[in-house]
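Participant: just need the structure, nothing else, for what follows:
(2 chains)
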Amino acid sequence: MTTDVVQPSSLPRGPALLFGVLALVGLVTLFYGLFADSERTYRVFLHNWLLWAALSQGALVLSAAFRLTNASWQGPIHRVVDSLAAYVPLSLVLFGVIYLGRHELFEWTRHPIHGKEWWFSEGFTFIRDTIALLWMTLISGFYVYLSVRPLLGEARENTSGSRLALYQRWTAGWRGEAAERELAVRRLRKLAAVLVLSYVLAYSLLAIDLIMSLAPHWVSSMFPAYYAWGGFLSAISMTALLCVLMRNSEGLRGEITTNRLHDLGKMIFAFSIFWMYLFWSQYIVIWYGNMPEETSFILARLGSQFLQDTWYLEGFWTRLAEPYVKITLLAWILLWVVPFWVLLGQRPKKTPAILGTVAFGSVLGFWIERYVLVTPSLVPPESGAAPNTLLAPLGGIEVGLALGFLGLFFLCFLTFGHVFPGLLPAKSGVR
Amino acid sequence: MAQVLGVLSTPGGTVAAVESLKQAGFDNLEVYSPVPSHAIEHALGKGPSWVRLWTLIGGLTGVATGYLMTIWMAYDSGVVIGGKPFASIPAYTIIAFELTILFGGVLTVLGLMAHGLLRTARRDPVYRPSFSNDEFGCLVRCHSDQIPRVQELLQGAGSMEVRVVEG
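Facilitator: Numbers count the residues shown, from 1 in each chain, chains lettered A, B, ... in the order given. Just a heads-up that it's a prediction; the model follows:
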């Protein structure tokens, strides 16, 4: 039986090097891009930031959901989920870059919107967003601390160096293993509720301020929930993907059982349906109301095809060739069509290769979806610069920054596993 | 064909009994359980239930009804609403979606009744009320000269009572 304490281990050299290089590529791209084409760079930065910030915070919401529902099926998957949250503090830091690019990104910083001047003003908007992110970071840090603390007691004995100092600080006032575990369960259950509610409020606010404000005249009360839910679903997909990829790694070996894969698959399936439900609830109202200030947002993304009186087939291909349409449809296919139809049966959910592929598609789909949420507001379809094929938007800046974010995210993930080694493989003693 | 009933007190014991009987080649088994148990289901190795076929039929009927009914009604009434054409698919998707769930759900319940309730409604000489309370029953159908062997296996798995059932 594996014991639930941390075991010393070193940073896996291969992956760490790879992700380090990717992060460096991102940094170089960022500086190059700021000189070459700053507007485009900030735009790409924003949509990547929106993906990874919501993903890592959504992972902690998943962890909180496990605790709130007293779930026990997840076992060591809980530790994978907790480790994904290591990126949360970094998303606060990187938010600074968005602040620097505010004049390139947000039209309203230069021309205040009539009737919304007080809500979208440089000071108020960015201060409230920073406070929201700061609060999320603090509460997430506290959550992870409480979650990890009971596991460090025994680990203090066989560790050394800087890690020992950290462990000692984090286990100050040690009450003994059993008491610590019991206390952690009680405290974390309360904190989990606070974390989930804070996430919903904070990320809804970010959706309004960072995405909706790009098209400042567009209104949809459904959109903030839709974005926040996307963060949660992307975290589940990422968890499933990592569990499939790491199922034979040290410690997780033998723990990613068929039943657990089945459960992960069920989660992606169910929550992807709910994502579609949210999207549809928003779309049907806008389609039916047919008011210009509402339809403009969807028209810029799905094209005129989807705001016709009905789905006539005549002119289908020419309408499909309108800017952004194919990209938007690809995101929809990856986020709902594929997960729904592929994961409908029991066997695909239990097959690692199929589940992993669908989960990867879902994460990729969210990357594309965030692009679709941001870009058409800043590069309108009628501007001529808007892409109308699938690969047209991919330039050096897009690829470089995306790889950079990927590298940074997984560097955080690996570092968490380095500082608290053995947490990933450990059995979930603390629930 | 003879029938032998073993009465057991735990789900684990029931699983063990089923497994040992299967290993010995007795495949014609029936289990009475007061609680649903995946372990027992798994040990019995029976395929998925036919009830889900009813769900599929209900769902497909529902989605077809939802679209056809609304489109027919719109053409029949001939009133243009909101400038939309009569066959206005997006709006009718909601009706179709909900009828899918309604018909699927109702037919699932009816299917459950057809496959479950109607069967137990026949007089079952083996069933006893304790099988719905705290006891498990394992019924084996076998050739009459295999009775001693079955009795031995059921005893070995920890049955509280083993008896040969008439009929």
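
Participant: quick check: closest non-adjacent residue to residue 106.
Facilitator: This is for chain A. A:S213 (6.1 Å; C-beta to C-beta, 6 or more residues apart in numbering or on different chains). In short, each C-beta sits where N, CA and C put it, glycine included.

Participant: chain B was what I was after
Facilitator: Closest residue to B:V106 apart from its sequence neighbours, by C-beta to C-beta, 6+ apart: B:G58 at 6.5 Å.

Participant: was I right to think that neighbour contacts B:V109?
Facilitator: No: using C-beta atoms under 8 Å as the test, B:G58 is too far from B:V109 to be in contact (9.6 Å).

Participant: looking at those two, which is more packed in?
Facilitator: Taking neighbours as other C-beta atoms under 10 Å in any protein chain shown, B:G58 and B:V109 compare with B:G58 leading, 23 against 13.

Participant: residues touching the more buried one, list them.
Facilitator: Counting by C-beta atoms under 8 Å, 6 or more residues apart in numbering or on different chains, B:G58 makes contact with B:103-108.

Participant: please apply the same query to A:M291.
Facilitator: A:M291 makes contact with no residue, according to C-beta under 8 Å, 6+ apart.

Participant: quickly list the domain ranges of chain B.
Facilitator: Per automatic domain parsing, the structural domains of chain B span B:2-47+B:134-165, B:51-121.

Participant: put together a markdown table for those, with distance to A:Q57 and mean pLDDT on each row.
Facilitator: Supplementary listing: the domains of chain B in a markdown table, determined by distance: least, C-beta to C-beta, whole Å; pLDDT from 0 to 100:
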| stretch | distance to A:Q57 | mean pLDDT |
| --- | --- | --- |
| domain B:2-47+B:134-165 | 35 | 87 |
| domain B:51-121 | 31 | 89 |
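
Participant: among these, which is the most enclosed?
Facilitator: For the domains of chain B, the largest average neighbour count (mean count of other C-beta atoms under 10 Å in any protein chain shown) is found in domain B:2-47+B:134-165, namely a mean of 17.

Participant: how far is that domain from where the chain is centred?
Facilitator: 19 Å (C-alpha atoms, centre = their mean, to the nearest Å).

Participant: quote the end-to-end distance of that domain.
Facilitator: Domain B:2-47+B:134-165 has its terminal residues 7 Å apart, counting by C-alpha to C-alpha, to the nearest Å.

Participant: cool, and stretch A:281-300?
Facilitator: In stretch A:281-300, first residue to last residue: 19 Å (C-alpha to C-alpha).

Participant: try stretch B:124-142
Facilitator: First residue to last in stretch B:124-142 (C-alpha to C-alpha) measures 18 Å.

Participant: what's in contact with it?
Facilitator: B:1-11, B:13-14, B:17-18, B:21, B:26, B:28-34, B:40, B:120, B:150, B:154, B:159-160, B:165-167.

Participant: now it, how far from the centre of its chain.
Facilitator: Between the centre of stretch B:124-142 and the centre of its chain there are 17 Å (C-alpha atoms, centre = their mean).

Participant: likewise for stretch A:288-298?
Facilitator: Distance of stretch A:288-298 from its chain centroid, counting by C-alpha atoms, centre = their mean, is 28 Å.
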